[in-house]
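S.K.: build me a model from this:
(chains A and B)
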Protein chains: 2
Amino acid sequence: MRASRFFISTLKEAPSDAEIVSHQLMMRAGMIKRLGSGIYTYMPMGLRVIRKVEAIVREEMNRAAGIELLMPLVQPAELWQETGRWDKMGAELLRLKDRHGREFAFQPTSEEVITDVVRSEIKSYRQLPLNFYHIQTKFRDERRPRFGLMRGREFTMKDAYSFDRDAAGMQASYQVMFDAYTRIFNRFGLQFRAVAADNGAIGGSGSHEFHVIASTGEDALVYCPDSDYAANMEAAEAVAPAAPRAAAGAALVKTATPDATKCEQVAAQLGLPLSRTVKTLALTVDLEADGKTTQQHFMLLLRGDHELNEIKAGKVAGLANHRFSTEAEILDVYGCVPGYLGPIGTKAAVTVVADRSVANMADFVCGANDAGFHYTGANWGRDVAEPALVADLRNVVEGDASPDGKGVLAIERGIEVGHVFQLGTAYSESMKATFLDENGKPAPLQMGCYGIGITRILGAAIEQNFDDKGIIWPTALAPFELVLCPMGMDRSEMVKQATEQLYADAQAAGIDVIVDDRGQRPGAMFADWELIGVPHRVVIGERGLKEGNLEYQGRRDTEASAVPLAEIIAFVQGKMQK
Amino acid sequence: MRASRFFISTLKEAPSDAEIVSHQLMMRAGMIKRLGSGIYTYMPMGLRVIRKVEAIVREEMNRAAGIELLMPLVQPAELWQETGRWDKMGAELLRLKDRHGREFAFQPTSEEVITDVVRSEIKSYRQLPLNFYHIQTKFRDERRPRFGLMRGREFTMKDAYSFDRDAAGMQASYQVMFDAYTRIFNRFGLQFRAVAADNGAIGGSGSHEFHVIASTGEDALVYCPDSDYAANMEAAEAVAPAAPRAAAGAALVKTATPDATKCEQVAAQLGLPLSRTVKTLALTVDLEADGKTTQQHFMLLLRGDHELNEIKAGKVAGLANHRFSTEAEILDVYGCVPGYLGPIGTKAAVTVVADRSVANMADFVCGANDAGFHYTGANWGRDVAEPALVADLRNVVEGDASPDGKGVLAIERGIEVGHVFQLGTAYSESMKATFLDENGKPAPLQMGCYGIGITRILGAAIEQNFDDKGIIWPTALAPFELVLCPMGMDRSEMVKQATEQLYADAQAAGIDVIVDDRGQRPGAMFADWELIGVPHRVVIGERGLKEGNLEYQGRRDTEASAVPLAEIIAFVQGKMQK
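M.R.: From the prediction side, this is the model:
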């Protein structure tokens, strides 16, 4: 490519609504252009990166026996009604009506359509397994689109769907996809981590998320440096303390703790570590029976230095539909304002659910159900009945024991760019997608689904790879692998000839090269390419040429190196492989 | 590709709603699957063809200095309101509202968005010319979608937009695109014709349509076999007769023509050729002034054997907003029921607009404005004043003189698959897309726009290339270029080895090859590939192998030819180039 025939448009300043670095740099580098809230034109420079992402995804999907098709964007409401997602999806599902008033969805994913295709195409177990995928535009009507391509409304996703005859087959297909994703993210040249995840609303029996590691990531990733254990924060298990609970050593004392409604304040007033305090969360569940609503009250206990994990709380028996109690309910049940609640001496009956850590505590501090007072020296069994339920209720923290028993946990930040799910028969049963098994009997298809956020990859790659000059693309994703920067091409015939020769040689060597023939000054030219993030640069100047040299500089290098003209292609190829 | 790892799904019968052969064959060959009215899933076999179309279009667009980007599907209403198309487009424009109630269009084309991009990016004439294109999904909410991919609602289009500093530049950019389209359709291996067209609602100063020639085509294409002249029926000019008008030879006679309200009936009753009769069309234009509406009446005269061309009629001065007169108006103006109208002796004032052929007639037959009567021997000047206006009002017919004076016109049927337009400043003026010219003064950008119906190409290619067995793809568009059909691969080690070797050799030679390893019987296997339309087939059988031969058969061949094993790749490559 010649820069004069391409479209390059860089900005000194990012627009003020670009809150994160990847959004700022993509806008400044002219990769995307905002059309509306969460809707972007992919400009020529950005589209090249998208195409590189797509090509790698496509190659690895094909290698993993994925079969590409293309499902429509506009999908009839009837299919979404079959699975109940028409109602479940809420405002995020963009709905529309055609000229005849028929309802449609602009697809956010395609489980319904692929299941519809397959239920009419698959008759026999002999046709299985199958894995269909497409790379297609999606729309999710986010309430607050932001962060550029990271949380846009219109975006591109690769979604794949596997169909198997039984659960073992589904798990095998899932593993094939897991391995393909691992190859894909390795080929991108990004640091990533696959973590076990909760299946959430999509249902099914198992899932993993693939995250690009970046300190700016929205998600916390939990892993064990000494083993393969990895999970996202929602799913990472906080195991029970290994040591048995210590015996009670202190007497129960009701202590004045004025204006101390938070554990941090209590610990400070009492001069005790935060880890000796217990915080109480009051939850309520509304139960409907015979047209009457009654309330059941729960007290969740966490160590003062731990955080509630709402997903885990929702999995406790009876707590699937919990809400936080109102202040009136708290006064009624505990006889006390919030901030001083505790398990000892509540006014009404509550079910106590203690986190595993709390159940293991002795001589702890907790609210006294009396405004301005806490107990110290509280002990299970002696001062209050053992908790009704003990469960994992909290987010893990660095240093917690790994659930696989092989070390302690570490935490890092990540950006979710892929997700694989074992769906089982959730969709095939509601949509009656069956096949005839070996005995000629109809059985529901076992499904898996597998997504990669194609356009989000760009944002994630930049969050992981940038500096104060701009983007630093891994070679595999760069819009161009190599930029040639001639110094005074219009003045020096020697520079012009060497540039043209090198341009031809680089193309012949299969390098995705752009020559900057715009005639800009060196400073502006270098700044452009550093902002755009082309990983390899060769400067062609008369002074160097006279000594038979060119100047190579990698995007992360602090200095250029002189490389003999005859060796430059091999030299660049060597750098590209690193 | 191995057929066992691909998805092949053929049908004996097409669904009953498939009205035309391309739709029937694409459904039967498993290329598309209906999701809703005018909405199709592109199945793996069909998607491969689409990708080949896209690749050729992309290569030639890039060669023609087109720069690829990707504009969003969901576009804010505000931009469409700037050009007035939000109101003009009617129900064909799919409109939608997001969760906040803001209005959007699902793009049918992207003139507004590209003009919005360019008006913020282009500051100076130095940045011009530019040509941006994208290959993107479109939606047009057709009232009656039909014919499969030929007139669907969701479809794929390549649309390009050129920007120039002046009209000469725009015309040069237009010519570059015209040439690129010519290369594209040549590379497809389709018979096509570029014809001059009317700009229509899109506005601007010139346009051409590219048609794939097919006897089933919706459009009539006019061309001169002895010259380059070609136009669509709307635009093809019917030139004035070369010979001067004959002198009056007969007397004007009012003749009874009972129950003859059509020229055909009059000619039959009078024993005269249809070409001696004149038909009268009564039109009315409503004029509004000072809050009052008045009517102006026009009489259009055509030779009895000619057809009205409404586009041409609309271009006659004063007739831009014409309508057909009501029966009441006809009685009022002509004093006669429809069917017996004519230019001689109307009751009220009408403007007579004669087609060029009619203005040249002598001794003609026309209605007498008296029910049941016509005049014979009518002559201009003698019996009635010369027509107020003479214009080209009719469709050309075979044998008409070519407008370039180089022969006579022929007509064939075509399917429109491409359209190039000179837009001028229609969009840039309404959207204030200007640049600074050499003198530092703002000037509106001169635009062109250029479309190719990517998915429609599939339908058009099939309408041109099929037989009673199925589709016959040109090699450039075929889902696979070559199919290998082993006979008894599971029984014969010799066949298996030869097949695997040939499969590897074909891949190494860059041939897009599929080996049918499904283990089907020969009859079913051949029928599948003939239906799917793979252009080249090699059968590998034990009997042939023992003599060192394979059997090659081209999709249009009636018989197979034995080809020595060692020569087969070169033989197939030779056939592929034809």
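S.K.: low-confidence ranges in the stretch 101-250 of chain A?
M.R.: Applying pLDDT under 70 to the stretch 101-250 of chain A flags residues A:199-205.
S.K.: so which residues of it form strands?
M.R.: Per DSSP state E, counting those that start in this stretch, the stretch 101-250 of chain A carries strands over the ranges A:103-106, A:130-139, A:154-164, A:192-197, A:206-213, A:219-223, A:230-232.
S.K.: mind putting those into TSV with distance to B:Asp557 and mean neighbour count?
M.R.: To be clear about C-beta, it is placed using only N, CA and C from the backbone, and glycine gets the same treatment. Formatted as TSV, the strands of the stretch 101-250 of chain A follow (distance: least, C-beta to C-beta, whole Å; neighbours: other C-beta atoms under 10 Å in any protein chain shown):
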stretch	distance to B:Asp557	mean neighbour count
strand A:103-106	46	21
strand A:130-139	34	22
strand A:154-164	38	24
strand A:192-197	53	21
strand A:206-213	50	23
strand A:219-223	60	21
strand A:230-232	59	22
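S.K.: JSON lines please, covering those strands and showing distance to A:Asn321.
M.R.: Output for those, formatted as JSON lines (distance: least, C-beta to C-beta, whole Å):
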{"stretch": "strand A:103-106", "distance to A:Asn321": "27"}
{"stretch": "strand A:130-139", "distance to A:Asn321": "30"}
{"stretch": "strand A:154-164", "distance to A:Asn321": "30"}
{"stretch": "strand A:192-197", "distance to A:Asn321": "22"}
{"stretch": "strand A:206-213", "distance to A:Asn321": "23"}
{"stretch": "strand A:219-223", "distance to A:Asn321": "25"}
{"stretch": "strand A:230-232", "distance to A:Asn321": "23"}
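S.K.: longest helix in chain A, please.
M.R.: Once chain A is assigned using DSSP state H, the helix that runs over the most residues is helix A:167-188.
S.K.: re the thing from before, okay if I get the strands of the stretch 101-250 of chain A as JSON lines plus distance to chain B?
M.R.: Listed next are the strands of the stretch 101-250 of chain A as JSON lines, based on distance: least, C-beta to the nearest C-beta, whole Å:
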{"stretch": "strand A:103-106", "distance to chain B": "7"}
{"stretch": "strand A:130-139", "distance to chain B": "6"}
{"stretch": "strand A:154-164", "distance to chain B": "5"}
{"stretch": "strand A:192-197", "distance to chain B": "25"}
{"stretch": "strand A:206-213", "distance to chain B": "22"}
{"stretch": "strand A:219-223", "distance to chain B": "25"}
{"stretch": "strand A:230-232", "distance to chain B": "27"}
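S.K.: where does pLDDT dip in chain A?
M.R.: Residue ranges of chain A with pLDDT under 70: A:199-205.
S.K.: run through the residues that contact the most centrally placed residue in it.
M.R.: For chain A, the residue sitting closest to the mean C-alpha position, by C-alpha atoms, centre = their mean, is A:Glu416 at 1.6 Å. Contact partners of A:Glu416, counting by C-beta atoms under 8 Å, 6 or more residues apart in numbering or on different chains, are A:Glu209, A:Phe210, A:His211, A:Glu218, A:Asp219, A:Gly453.
S.K.: same thing but at 10 Å, please
M.R.: The contact partners of A:Glu416, by C-beta atoms under 10 Å, 6 or more residues apart in numbering or on different chains, come to A:150, A:195, A:197, A:209-212, A:217-219, A:221, A:232, A:451, A:453, A:456, A:460.
S.K.: got it, and A:Arg193?
M.R.: Each residue near A:Arg193 by C-beta under 10 Å, 6+ apart is listed here: A:185, A:208-213, A:221-223, A:230, A:232, A:412, A:414.
S.K.: could you work out the most separated pair of those residues?
M.R.: Farthest-apart pair in the contacts of A:Arg193 is A:Phe185 and A:Val222; separation 18.5 Å (C-beta to C-beta).
S.K.: what number of residues lie near the residue in the stretch 401-550 of chain A that chain B sits nearest to?
M.R.: Among all residues of the stretch 401-550 of chain A, A:Thr455 sits closest to chain B, at 9.9 Å; criterion: C-beta to the nearest C-beta. For A:Thr455, the neighbour count with other C-beta atoms under 10 Å in any protein chain shown is 25.
S.K.: kind regards, and thank you for your time.
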